[in-house]
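Colleague: Pasted the sequence and its predicted model underneath.
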Amino acid sequence: MEGIEIVRLDQGRVGEYHAHIPGSSEVARLTWVLRDTPAGPVRVAEHTLVPRAFEGRGIAARLVDALIADAREAGFRVEPKCSYVAAQFRRHPDWAPLHA
């Protein structure tokens, strides 16, 4: 879907990725919480929420892609508590080093 803007909201130990959908006031989101581990920080991906009217357009995948890009850049790992994020990890074996 063209024109989607992904915004990162980081409040320290919790955060969200928002996908702003052009022409709509609705927002898709991926929520996470920080968990400290001996191996380093882990963002637990809790929920991926896409408004029903916008399902099936790849918006959730874009949210997960933003999380993965940040994990690679910032050096944290991801625990996919959300079933959608877990499914994306299964589809992308190259993400295995980022899995917590």
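Modeller: Okay, I see it.

Colleague: where along the chain do the helices fall?
Modeller: Under the criterion DSSP state H, the chain carries helices at the ranges 59-74, 83-91.

Colleague: nearest to residue 34, of those helices?
Modeller: Closest to residue 34 of those, according to CB to CB: helix 59-74, at 11.4 Å. In this view, the C-beta of every residue, glycine as well, is placed from N, C-alpha and C.

Colleague: Who are the packing partners of the closest one?
Modeller: Packing contacts for helix 59-74, counted by 3 or more CB pairs under 8 Å, 6 or more residues apart in numbering; DSSP states H and E, involve strand 5-10, strand 14-20, strand 27-37, strand 40-49, strand 77-80, helix 83-91.

Colleague: winner for burial among those?
Modeller: Counting by mean count of other CB atoms under 10 Å, strand 77-80 has the highest mean neighbour count of these, with a mean of 20.

Colleague: Show me what that strand is in contact with.
Modeller: 35, 39-45, 67-68, 71, 85-86, 88-89, 98-100 (CB atoms under 8 Å, 6 or more residues apart in numbering).

Colleague: so what's the residue nearest to residue 14 when sequence neighbours are not counted bridging to?
Modeller: Using CB to CB, 6 or more residues apart in numbering and skipping residues adjacent in sequence, the residue nearest residue 14 is residue 33, 5.2 Å away. With DSSP bridges applied, residue 33 shows beta-bridge pairing to residue 14, residue 44.

Colleague: Thanks a lot, catch you later.
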